[in-house]
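**Student:** no sequence for this one, just the structure:
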């Protein structure tokens, strides 16, 4: 088999595990693979369809989408979390650990920017006590915008069957802040995950599972789940200040009515977004997060 196409299911940066013709095959990349217009620390990502020739990945096929985050070490480069996704699931919690809602919005913005449908899972709801009203408000807010939100417990099924039903047959990325219970959740979705994560890693690299690299698991029903390392922060992708509101669906709907095409919805006259906030058609909480991101990333006045 000198040439074949395969699906990248695991990457360690030097070795890649590819699913092709009913088998897993470990291969390397041929020389320097460059992708047009994208400065990335990993030109080949989990979820990529690749062409393998002579046991080397020679080509990455065009992606329908991908999800990225800013590289932690190289500020002008990005790391591709996964490619060719039908959905991306953010697992969050509001206690133990408490995730800042701004983190959720940053994730949703990145998903919107690269046309990846997003799902929000709020985990550990059984540990929520005094913050129960906050939990309900958070779920209502994101559902009202149009995002599916599932509330899950560490002990009971709750809305887990609904989440599973929503991802059947799809290629889905799971990510979240460290400690939110993502690994436990995946093992509840499919108990065989626990066994699979103990298998020997790509190219026999010590055989012990770590969450350093993304990995795809192929389920019997055709669902493909991509597990990713815990994320400590989520920077914004590379775009102009006036584009930021386009990735807030509720703001995008109103921004077309602003007086100025390049309105950034801060101090401009005739701003339809600010008017919508005043009339509670846009939640003030989301607008405040938007302003914070503008100040942090664009130093706008």
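**Tutor:** Arrived safely, thanks for sending. Here the structure is a predicted model, which means the values were calculated and not measured.

**Student:** For residue 124, which non-adjacent residue is closest in space?
**Tutor:** Once flanking residues are discounted, residue 124 sits nearest to residue 93: 4.5 Å by CB to CB, 6 or more residues apart in numbering. Using the backbone N, CA and C atoms, a C-beta is placed for each residue, glycine as well.

**Student:** Surely the one you found is in contact with residue 122?
**Tutor:** Yes. In this structure, residue 93 is within contact of residue 122 by CB atoms under 8 Å, at 6.5 Å.

**Student:** residue ranges for the helices of the stretch 151-300 of the chain, please.
**Tutor:** Ranges of helices within the stretch 151-300 of the chain are 160-167, 182-189, 192-196, 249-255, 272-278, 284-298, based on DSSP state H, counting those that start in this stretch.

**Student:** Could you list every helix and strand in contact with the fourth one?
**Tutor:** Think helix 249-255. helix 272-278, helix 284-298 (3 or more CB pairs under 8 Å, 6 or more residues apart in numbering; DSSP states H and E).

**Student:** Distance of the residue lying farthest from the centre of the chain relative to residue 68?
**Tutor:** What lies farthest from the middle of the chain is residue 269; by CA atoms, centre = their mean that is 35.3 Å. From residue 269 across to residue 68, the span is 36 Å (CB to CB, to the nearest Å).

**Student:** and what of residue 52?
**Tutor:** Distance from residue 52 to residue 68, by CB to CB: 24 Å.

**Student:** okay, now residue 55: neighbour count?
**Tutor:** Residue 55 has 12 neighbouring residues, counting by other CB atoms under 10 Å.

**Student:** you'd agree it is up against residue 29?
**Tutor:** No. Contact criterion CB under 8 Å: residue 55 and residue 29 do not qualify, at 10.8 Å.

**Student:** and residue 127, which of the helices and strands packed on helix 249-255 is closest to it?
**Tutor:** helix 284-298 (22.5 Å; CB to CB).

**Student:** and the residue nearest to residue 124, what does it touch?
**Tutor:** Residue 93 makes contacts with 99, 122-124, 127, 177, 179-181, as judged by CB atoms under 8 Å, 6 or more residues apart in numbering.
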